[in-house]
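Asker: Please find the sequence and the predicted model below.
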Amino acid sequence: MEYILKNGIVYDPANDIAGEKMDVMFKDGKIVSNVSSDAKVLDVTDKIVMPAGVDPHAHIAGPKLVVGRIYRPEDSRKGVTPKTDVCRSESGFSIPSCPATGYRYSRMGYGTVVEAAVPPLEAKHTHEEIMAIPNIDVPPLPLFGNNWFVMQYAKEDRIDELAAFISSWLKIVKGYGVKLVNPCGSEAWGWGMNVHGIDDPAPYWDVTSKEVIRALSKANEMLGLPHSIHVHANDIGHPGNTPTTIGTIDCVKDITKNSGVRNQTIHMTHLQFHIYNGTSWRDVESGAGDVTDYINKNKHVTFDVGQITLDETTTMTADGPHEYSLHALNGLKWANKDIELETSSGLVPFIYSGKSPVHSLMWAIGLELFLGTEDPWQVCLTTDHPNAGPFIRYPRIISWLMSNERRQEMMDNKEVHPWAHRKSALATMDREYDFNEIATITRAGPAKIYGFKDRGALTPGFNADIAVYDLNPNDIDPSREPTAIEAAFGAAMYTIKDGQILVKDGEIVKVVPSHTIWTNVKGFEEQENAIMEKVMPDFNRFYTVKFENYKVHDHFTPYPIVVDVQASK
Amino acid sequence: MAYEPPVTDYDEIVENCTCAFCGCNCDDLDYLVKDGHVVGVRHACRLGASKIMEDMDQRLLVPMIRDENGDLVEVDWEAALDKAAELIAGAVRPIFYGWSETSIETMKHGIRLGELVGAVLDNQATICHGPSLQAVQNVGYPVMTLGEVKNRADMCIYTGSNPMNSHPRHMSRYSTFPRGWFRQRGRFDRTVVTMDPKYSDTAKMSDIWVGFDQNGDYGFYNAIRAVLKGKELQQDVISGIAKEDIVELAEAMKNTQFGALFFGLGLTHTISKQRNIDMAIQMVTDLNKYTKWVLMPMRGHFNVNGFNIFMAYEMGFPYGVDFARGYPRYMNGETNTIDLLTRKECDVFMVIAADPGAHYPGGAVKHLAEIPVIQVDIHWGPSTEIADVVLPGSFIGVEAGGTSYRMDGVPIYMKKAIDKPETCRDDEWIMRELLERVQKIKEKEAVASK
Amino acid sequence: MKTITLTLKKKSPISLEFDELIPDKIYNWEKADFENYDVPVGNTRFPLTDYFDIEVEGAAEGPEEVKMILDGDMGRVKYIGCEMSAGEIVVNGDADLHCGAQMKGGKITVNGDAESYAGREMEGGELEIMGSTREFCGCSYIGEWRGMSDGKITIHGNAGKQLGECLSGGEIYVKGNCDILAGIHMTKGFIQIDGDVTRWPGGQMKNGNILINGKLGVLLEGLVFDQIVKDPEIEGKNFSGKYIKYTGDIALNGKGGLYLNAEKNRDLL
């Protein structure tokens, strides 16, 4: 089937197309440079056309999510909709059910969403949920930062073995890249403790976060994985954590990148939670200036923001100790889920309010990060869904980024507490994103950061993953019309995935199964076999499942996209 | 117990099979197979081994329909499935109950069927750990995988639970006896406490037995929490336990390195039901101010947790999900099986891999006897006696593969080891057939109404 | 003023759901509208006329001008007055689950017993039950820590377990006896019970007040003796007599108040 999207105004940053009126063509699910006269014409005259969205960091599938859904029926109840001829029932606001997750991303014009934290032991669960999520492709990131084997190799600087371990485990769990969450700190939570900073060793392990981060980065580059290490740094949410954050980024600066498909060697996630200056919540101030100064001078780092949306949401992270401290803060019901040999995790409902001084400051810090980072290819739009807010608020964040007027108005009429401007530089920043920059931080940039060679751009040969928004960029003044911007980005005129029209005029018209994207390292088989032989005795002694029942069998990924990588030294 | 010589006469060994009995989902079983039957099971407990080896005992082998004389008579699959589909399609308040002894793959078709006709989907949690889930929803869910206990725990508490009888390998494989990374001496590195009005077999194995009064659980845990807050207890004896003992116990719990609390139906089914768990969860949450504590419900069936997880990721609610109005509703006491049966609201009941005839309160069974019941199961049981359509399934983890979730949420793919009896069908196939047949009926109805 | 009278002629074994038949939605309905209305029953809808004789008198400009009279045994009619904001509903018989749930205003009178969940998550208005009610009267939705926030529930008979669970405001008055765990997890509001109470009122309460005029069975350790008060004033109401005052639940650092009639509970003095 051939299609031609006619007369749209195209934003395709990867191909340096910034608001050109042109046609986009696709055939059999792929972008092409010309089509025959039989092609079906979709008239999108003067509408915005972009590659489909790519979310680089969200929690959408897996054991934590299901704990959330089980223990927050009051959240599930909020988003309940009746089934339709096309869609099943939806439920949930901050933790939508799997079908709802797929539909809602699809309605916003998204095509790919990274599931950011998979405990390998329960990876089958994550894959089961991915099977239940329609319409978006999902690369899952397994957790390595507190894995007992990893900590041992890191401590002894056995990078070859660590690389072999990672390449084996990516195959075993069908994962895409290497995720670290509060390295050494989540292990410390096994004893109800935490680590502070990157030089504080995990109890009994005699290895520090810095050593784990560096070892994993070296192993990641040894294998030449398409994505860099993906780091949730230590000391999340603690006033005074800025030096830890800069120290984390800086500690891998000397490690040489070994991949042509991406620019960075470290991706920092939900950076907003990690840049608080001061010593307590009383004297806390924004550290965004310090961090953006560093980032603007250093190209080996990219990040996503984790923007506060001022909603009632559910926090969930593999950072177990952090969740307990959130519970201590707000007293709401605490869930915890520690995974043997691998990680901890936890959940707490959270009510972010513009009335709260701290929450308002956090809101401002996120926006400062967006506005203070000069190169839009280094920054991605996320809410660390659902931690800082649900992903359905992305359109609202876009409207804030495009309108200084709206931001000032929120500060002026007390929609946020005065701490937002008193303790951050937000009020002095009048930068406004244009549509091209929005396209960069929501699709082109994340795709580049993940080294995707089939999405995030409208390059011929790429998947026909396209979003069309009902906005005429020559007509609208985003600075003055934030509501219209939010409405348009919230309900795509078309969402096209692999050449199929899934959304029309903001409504789902077609439901397709999701693909699981995972990385298959080749040329490292010998080292992998050797490491498995070494790992097995400890595996059998300390895990509570048999190895045969640990791995993710092929039938858990019925629609895989396997990214083959040639390991090179 | 008489000595039984080891089984030596077998054709092959199938390793790493998963036990389809309790929520321990032990996945280290070896089946000794001869002539297509499991003749011996290694590593399993007696409960698991006997269930697996006696797979042909009172086995349902053929589809049946109850005739006008009230007798179950053999029919072909076509007739049985059509009859079941017709009943389901015509129901006004159908319930699909059970699911805890079948695979996630089967549930996937079951939920589609439920959504299609507007049924209530519910599982054994409704009569077992439902109160635990309600408490979790009220105050939280601090859990872990069982390996955390094996590798770290120096104190294990069993309350209202008797794993020596109900989950025989729980203590030996996961909690008490195994040697772990930080507990190299196994049992000797741990203190085991049983809290139970009864001096159970587990209590006999324990270092400390706390025999609080029946229905005394809520008051007892409330007192421990008060002690943790530094309160001087007023009453000398609380729930049958001397106040000095409560203080001593609270201190011991504070001074462990890693504690794990396992609770069973003894806690969920006393007078204050979910509030016992509610209080215990808050106690564990409090204890994390001092040291590390986690807890876990001792789930009964091998996939009872799986259904809760499955329903939550599909529809946002763990059990008792009512699709009657075209969207999911979850309301304890309204959308649960027992309430709908004792209120005599349900008009067609399908039971999948469960035995309500054996487990339900009398009032509920009485209503079941009055309405059409469809049974999908492998064994003849009390539910068969009240069933009107019987669809013989297959044995997950033995005759059919399938995904299940252990009590701690670890997913395990239970592989197939032998072939099912020729006349039986996989649960997954049965459910898909029913879905397709009901879809056809509904399509016809839609055309007719136009 | 519009009076709508529904007289039961056939009781359905499967509950009818009345959430669409509240004054807010039907104030401008004529008799014919009711006759054309299909009421949800299980997974189906059936004509309302299968179950009720319908009379409509007068006219209404808004829900506040509506009086609905439900005559007969409504023991299989759920969600009566659910989410209503104005007007009046009188049930001449028993009411099924969720009577007055999420009610925002107006008044419901049940001249009989009410099933569980009566007045769940009430935000305003008045619910009066002339008979008894069962579990979770005036409670929250499961998992929700914010429960009934305003309005008043009066129960002339007895109340079941977990009355006013997670109460966050408003008032519940039980003239009869009450079962275990009244006011569990409550954070605000007032519960008055004139009769006897079995066990554990105020378990896990954070704040708010409970006053019991009858005899209490078992008291929790989490509630700490504060003082003997005479003629206390609680939430703007004056009570005469001597009361033993406890605060708690200390297990949650709670600051709630539990007042027990000293005369009836001498054993605790």
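Answerer: Yes, it's here.

Asker: In the stretch 151-300 of chain B, which residue sits closest to chain C?
Answerer: Nearest residue of the stretch 151-300 of chain B to chain C (CB to the nearest CB) works out as residue B:225 at 3.5 Å. For the C-beta atoms, the positions are set from N, CA and C on the backbone; glycine is no exception.

Asker: what's the answer for chain B, then?
Answerer: Closest point on chain B to chain C, by CB to the nearest CB, is residue B:118, at 2.8 Å.

Asker: separation between that residue and residue C:40?
Answerer: Distance, residue B:118 to residue C:40, by CB to CB, to the nearest Å: 10 Å.

Asker: Dihedrals phi and psi, residue A:418?
Answerer: phi -60, psi -20 (degrees, to the nearest 10).

Asker: Check residue A:116 too.
Answerer: Residue torsions, per degrees, to the nearest 10, at residue A:116 are phi -90, psi 0.

Asker: what does residue A:322 give?
Answerer: Torsion angles, degrees, to the nearest 10, at residue A:322: phi -60, psi -40.

Asker: Quick check: it touching residue A:346?
Answerer: Yes: with contact defined as CB atoms under 8 Å, residue A:322 counts as touching residue A:346 (7.3 Å).

Asker: Are the longest helix anywhere in chain B and chain A in contact anywhere?
Answerer: For chain B, the helix with the greatest residue count under DSSP state H is helix B:427-449. No: using CB under 8 Å from any CB of the partner chain, helix B:427-449 stays clear of chain A, coming no nearer than 10.9 Å.

Asker: Any part of that helix near chain C?
Answerer: No: judged by CB under 8 Å from any CB, helix B:427-449 stays clear of chain C, getting no closer than 11.6 Å.

Asker: ok, and what's touching that helix?
Answerer: The contact list for helix B:427-449 (CB atoms under 8 Å, 6 or more residues apart in numbering or on different chains) reads B:81-82, B:84-86, B:88-89, B:102-103, B:105-106, B:109-110, B:112-113, B:116-117, B:352-353, B:376, B:391, B:393-394, B:396, B:400, B:402, B:425.

Asker: quick one on the thing from earlier: what about the residue of chain B closest to chain C, distance to chain A?
Answerer: 10 Å (CB to the nearest CB, to the nearest Å).

Asker: how close does residue B:78 get to residue A:264?
Answerer: Shown here: residue B:78 relative to residue A:264, a distance of 61 Å by CB to CB.

Asker: now residue C:174
Answerer: Residue C:174 is 65 Å from residue A:264, by CB to CB.

Asker: which of the two has more neighbours?
Answerer: Each of residue C:174 and residue A:264 has its neighbours counted (other CB atoms under 10 Å in any protein chain shown); residue C:174 has more, 29 against 23.

Asker: which residues sit in contact with the more buried one?
Answerer: Residue C:174 makes contact with C:155, C:158-159, C:163, C:191-195, according to CB under 8 Å, 6+ apart.

Asker: Mark which of those residues are part of strands, please.
Answerer: Judged by DSSP state E, strands contain the following of those: C:155, C:191-193.

Asker: Out of the contacts of helix B:427-449, which sit inside helices?
Answerer: Filtering the contacts of helix B:427-449 for helices - DSSP H - leaves B:81-82, B:84-86, B:88-89, B:105-106, B:109-110, B:112-113, B:116-117.

Asker: hmm, which two among these are most spread apart?
Answerer: Greatest spacing in the ones in helices among the contacts of helix B:427-449, by CB to CB: B:86 and B:105 (25.0 Å).

Asker: more neighbours, those two?
Answerer: Using other CB under 10 Å, the more surrounded residue of residue B:86 and residue B:105 is residue B:105, with 21 against 16.

Asker: Verify the stated contact: the more buried one with residue B:404.
Answerer: No: if you go by CB under 8 Å, residue B:105 and residue B:404 don't touch, sitting 10.2 Å apart.

Asker: Return the nearest residue of the stretch 101-250 of chain C with respect to chain A.
Answerer: residue C:144 (3.9 Å).

Asker: coming back round to it: kindly indicate the member of the contacts of residue C:174 with the most neighbours.
Answerer: residue C:163 (34 neighbours).

Asker: can you pull the contacts of it?
Answerer: Neighbouring residues of residue C:163 by CB under 8 Å, 6+ apart: C:136-139, C:172, C:174, C:178-179, C:181-183, C:191.

Asker: Any chance of TSV for the residues you listed, columns pLDDT?
Answerer: Below are the contacts of residue C:163 laid out as TSV (pLDDT from 0 to 100):
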residue	pLDDT
C:136	97
C:137	98
C:138	98
C:139	98
C:172	98
C:174	98
C:178	98
C:179	97
C:181	96
C:182	97
C:183	97
C:191	98
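
Asker: possible to save the residues you listed as JSON lines with secondary structure?
Answerer: Listed next are the contacts of residue C:163 as JSON lines, based on DSSP: H, G, I helix; E, B strand; the rest coil:
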{"residue": "C:136", "secondary structure": "coil"}
{"residue": "C:137", "secondary structure": "coil"}
{"residue": "C:138", "secondary structure": "coil"}
{"residue": "C:139", "secondary structure": "coil"}
{"residue": "C:172", "secondary structure": "strand"}
{"residue": "C:174", "secondary structure": "strand"}
{"residue": "C:178", "secondary structure": "strand"}
{"residue": "C:179", "secondary structure": "coil"}
{"residue": "C:181", "secondary structure": "coil"}
{"residue": "C:182", "secondary structure": "coil"}
{"residue": "C:183", "secondary structure": "coil"}
{"residue": "C:191", "secondary structure": "strand"}
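
Asker: so which of these is the most crowded?
Answerer: That'd be residue C:138 among the contacts of residue C:163, by other CB under 10 Å, with 35 neighbours.

Asker: isn't that one right up against residue C:116?
Answerer: No: no contact is recorded between residue C:138 and residue C:116 when judged using CB under 8 Å, the distance being 11.0 Å.

Asker: How about the contacts made by the residue nearest to the residue of chain B closest to chain C when sequence neighbours are not counted?
Answerer: Closest residue to residue B:118 apart from its sequence neighbours, by CB to CB, 6 or more residues apart in numbering or on different chains: residue C:43 at 2.8 Å. Residues near residue C:43 by CB under 8 Å, 6+ apart: B:91-94, B:117-119, B:323-325.

Asker: low-scoring stretches of the stretch 151-269 of chain C, by residue?
Answerer: Nowhere does the stretch 151-269 of chain C drop to pLDDT under 70.

Asker: tell me the SS of residue A:189?
Answerer: When classified by three-state DSSP, residue A:189 comes out as helix.

Asker: burial count for the closest residue to it other than its chain neighbours?
Answerer: Excluding the flanking residues, the one nearest residue A:189 by CB to CB, 6+ apart is residue A:320, at 3.7 Å. By the measure other CB under 10 Å, the count of residues near residue A:320 is 30.
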